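> build me a structure from this.
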Amino acid sequence: MRLTAVPLALMAPLVMVTACKPPASDEYLERVDLAQATGAVGDPLPSPDVTDAVWADGQIAGRILYGIPGEVPFLALACERSTNGEQYIKIIRFASADPQAKALFALVGNGHIARVPVDATWNGRAWLWEGIVPADEPDLEVLTGKRPVAATLPGAGQLNLNPSPRPAQLIEACRSVSEHISDQEQKPN
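Model prediction:
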């Protein structure tokens, strides 16, 4: 194979075209002030000390709270009904969230793993993490066993949930309401 020299006149347009557009990473760095970008997301929170944390009934029926008595709770579970009549478990993680942020709340324990999509939701005072899971979702079994559960949310640390029968009782009650409603809908009048 014989190599021939390419005339400089043919190479000039090629060099000019490639010189017009810098690499994508250079262009990105030019558009973003790095000092501002690193401050865009809140600092991660440390994992809370849950030594004295317990599950207890909330002031709202069908809702339980997890936390240290007399302090702001770490987590809430509530049985609620959607507009289409389906029962679901609402999970609220009482940790600061960036406005309109989205994440996956990972729950690991009792031989199960659940990944719950959560959104930053304004509750009138602060942005907190909230997600919903259908009451009949098998992934909720992560909360129904007798072992601790590790609940991790990006930027909010790992929250260790001490074992208690309360989450299982709430989930089972919510499921039975859902089943009762389904049975009523199937019965002829």
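> residue 155 reaches residue 93, doesn't it?
No. Counting by C-beta atoms under 8 Å, residue 155 does not reach residue 93; the two are 10.7 Å apart. (Glycine included, C-beta is placed from N, CA and C.)
> these two: who's more crowded?
residue 93 (23 against 16; other C-beta atoms under 10 Å).
> go ahead and confirm the more buried one touches residue 77.
No. Applying C-beta under 8 Å as the test, residue 93 and residue 77 come out as separate, 10.6 Å apart.
> which of the helices and strands in the protein ranks last by mean pLDDT?
Least confident helix or strand, the chain: helix 24-31 with a mean of 38, by mean pLDDT, DSSP states H and E.
> in the lengthiest strand in the chain, what counts as buried?
Secondary structure of the chain per DSSP state E: the longest strand is strand 112-122. The neighbour-count check on strand 112-122 (16 or more other C-beta atoms under 10 Å) flags 112, 114, 116, 118, 120, 121 as buried.
> C-terminal to that strand, what's the next element?
Counting by DSSP states H and E, the next helix or strand C-terminal to strand 112-122 is strand 127-134.
> CA atoms of that next one as PDB?
C-alpha atoms of strand 127-134 as PDB (Å, rounded to 0.1, in the frame of the first residue of the first chain):
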ATOM      1  CA  TRP A 127     -39.100  20.400  51.800                       C
ATOM      2  CA  LEU A 128     -39.300  16.800  53.000                       C
ATOM      3  CA  TRP A 129     -39.100  13.400  51.200                       C
ATOM      4  CA  GLU A 130     -42.400  11.700  50.500                       C
ATOM      5  CA  GLY A 131     -43.300   8.600  48.500                       C
ATOM      6  CA  ILE A 132     -46.200   6.200  48.100                       C
ATOM      7  CA  VAL A 133     -46.400   2.500  47.700                       C
ATOM      8  CA  PRO A 134     -49.500   0.500  46.900                       C
END
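> which strands and helices sit next to it?
Contact here means 3 or more C-beta pairs under 8 Å, 6 or more residues apart in numbering; DSSP states H and E; on that basis strand 127-134 packs against strand 87-93, strand 102-109, strand 112-122.
> if I look at the residue nearest to residue 121 when sequence neighbours are not counted, how far off is residue 147?
The shortest distance from residue 121 to any non-neighbouring residue, by C-beta to C-beta, 6 or more residues apart in numbering, is to residue 130 (4.3 Å). Remark: distance between residue 130 and residue 147 (C-beta to C-beta, to the nearest Å) = 25 Å.
> so these two - more neighbours on which side?
residue 130 (20 against 11).
> that one contacts residue 94, doesn't it?
No. Contact criterion C-beta under 8 Å: residue 130 and residue 94 do not qualify, at 10.2 Å.
> give me the beta-bridge partners of the closest residue to residue 60 other than its chain neighbours?
Distances taken as C-beta to C-beta, 6+ apart place residue 78 nearest to residue 60, at 7.0 Å, with adjacent residues excluded. Counting by DSSP bridges, residue 78 is bridged to residue 63, residue 90.
> quick one: neighbours of residue 78, just the number.
20.
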